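Engineer: Okay, here's the prediction I keep looking at, along with the sequence it came from:
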Amino acid sequence: MLKADVILIMATALLYSGIFLFFIFGLVTKKEVFIRYAIKAGWIGLFLNLAAVVIRWLQAGHPPVNMFELNSSGVCLATALYLFLQRKVRELRVVGVVVFGFTAILLGWSLTLFTGVETLKPEYQSIWLVAHIFSAFTALAFYLMSFAISCLYFLNKSLGRGNYSAAAGEALMDEYNVRLVAAGFVSHALMLITGAIWAQEAWGSYWSWDPVETWTLLAWLLYGLFLHLYFSFGWRGVKLQIMTLAAFPIIVFCYWWIPHLPLSNF
């Protein structure tokens, strides 16, 4: 019999897929009603997603650590950030087409990674690991939003802003892209710091230059370069947006193509 957390994640994945389609319909038909319904459904999806994360946490007796749990939690953070941002900046609502497309795929993939609840070894029962994971997926949420804004930027360039009020101007997209990258950059730094402290606590070494550490540091430096070019050299528009389009795939590579945790040792 399927557990409650799996059923909730399945329902959330299906709902996010439907929301993605509603955004597509809204963009193609240029009718805001599809966008409005999609956002309302997004709040329901967030509730289901959060319930799944909480139930799994209570069942396991520990915070998210394996990829099924991490992906569910990361999607929850990303969705919450999007829903908060679209309330604050109405012109950026249509970036939901990227956000919900990404989250639907990630949740669908997560279902193939489901594992039962397992007891963690002592080295993983650390508050620093919790802080490391939380800051990592908070950074991911901010970077995903900045990537979505860059996608919208080039969509507007190629197709025009259309006749619905949910389209943003280039200056606004530059501004929020930088704000989101800056927030992600800080969270990313906290991820590196807390990860180093946890590694010292668990294995006696702050840094070992393994692939995860090295690629994560390179990604952080790339986003630092983005901010430097914006504030020091006045980069705006196309050049700035291309950088976020190029940087986010590296984040995806770091999070999912390079193993984050030695799961076999749990």
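Structural biologist: Yep, it's here. A quick note: this is a predicted structure, and the numbers were derived from the prediction, not measured.

Engineer: How many residues are close by residue 212?
Structural biologist: For residue 212, the neighbour count with other Cβ atoms under 10 Å is 16. To be clear about C-beta, it is placed using only N, CA and C from the backbone, and glycine gets the same treatment.

Engineer: What spatial separation is found between it and residue 131?
Structural biologist: Distance of residue 212 to residue 131, computed by Cβ to Cβ, to the nearest Å: 17 Å.

Engineer: do the same with residue 206
Structural biologist: Taking Cβ to Cβ, one finds residue 206 at 15 Å from residue 131.

Engineer: Of the two, which one has the most company?
Structural biologist: In this view residue 206 and residue 131 are compared by other Cβ under 10 Å, and residue 131 has more residues nearby, 18 against 14.

Engineer: The more buried one contacts residue 194, doesn't it?
Structural biologist: Yes - with contact defined as Cβ atoms under 8 Å, residue 131 reaches residue 194; the gap is 4.2 Å.

Engineer: Skip the chain neighbours and tell me the closest residue to residue 145.
Structural biologist: In space, residue 145 comes closest to residue 180 once its chain neighbours are excluded; the distance is 4.9 Å by Cβ to Cβ, 6 or more residues apart in numbering.

Engineer: no, scratch that, I was asking about residue 250
Structural biologist: The shortest distance from residue 250 to any non-neighbouring residue, by Cβ to Cβ, 6+ apart, is to residue 219 (4.8 Å).

Engineer: Contact partners for that neighbour?
Structural biologist: When contacts are counted by Cβ atoms under 8 Å, 6 or more residues apart in numbering, residue 219 touches 188, 247, 250, 251, 254.

Engineer: which other helices and strands contact the helix or strand harbouring residue 37?
Structural biologist: Element membership of residue 37, judged by DSSP states H and E, is helix 32-60. Under the contact definition 3 or more Cβ pairs under 8 Å, 6 or more residues apart in numbering; DSSP states H and E, helix 32-60 sits against helix 4-29, helix 67-88, helix 96-111.

Engineer: Output these in a markdown table, with distance to residue 141, mean pLDDT and mean neighbour count appended to each entry.
Structural biologist: Below are those laid out as a markdown table (distance: least, Cβ to Cβ, whole Å; pLDDT from 0 to 100; neighbours: other Cβ atoms under 10 Å):
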| stretch | distance to residue 141 | mean pLDDT | mean neighbour count |
| --- | --- | --- | --- |
| helix 4-29 | 15 | 93 | 20 |
| helix 67-88 | 4 | 93 | 21 |
| helix 96-111 | 9 | 94 | 22 |
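
Engineer: can you give me the helices in the stretch 101-250 of the chain?
Structural biologist: 127-159, 170-203, 211-233, 237-252 (DSSP state H, counting those that start in this stretch).

Engineer: Residue 91: which of these is closest?
Structural biologist: helix 170-203 (6.0 Å; Cβ to Cβ).

Engineer: State the distance from the residue nearest to residue 250 to residue 195.
Structural biologist: 13 Å.

Engineer: Which of the residues in stretch 112-131 are classified as buried?
Structural biologist: Buried positions in stretch 112-131, judged by neighbour count with 16 or more other Cβ atoms under 10 Å: 114, 120, 124, 126, 128, 129, 130, 131.

Engineer: biggest separation within these, which pair?
Structural biologist: Maximum distance among those (Cβ to Cβ): 26.5 Å, for 114 and 128.

Engineer: Can you get me the start-to-end distance on stretch 150-169?
Structural biologist: Criterion Cα to Cα, to the nearest Å; first-to-last residue distance in stretch 150-169 is 12 Å.

Engineer: so where is the stretch 101-250 of the chain shaky, pLDDT-wise?
Structural biologist: The stretch 101-250 of the chain contains residues with pLDDT under 70 at 159-168.

Engineer: So residue 100 sits against residue 26, correct?
Structural biologist: No - applying Cβ under 8 Å as the test, residue 100 and residue 26 come out as separate, 11.7 Å apart.

Engineer: list residues touching both of those two?
Structural biologist: Common neighbours of residue 100 and residue 26 (Cβ under 8 Å, 6+ apart) are residue 38.
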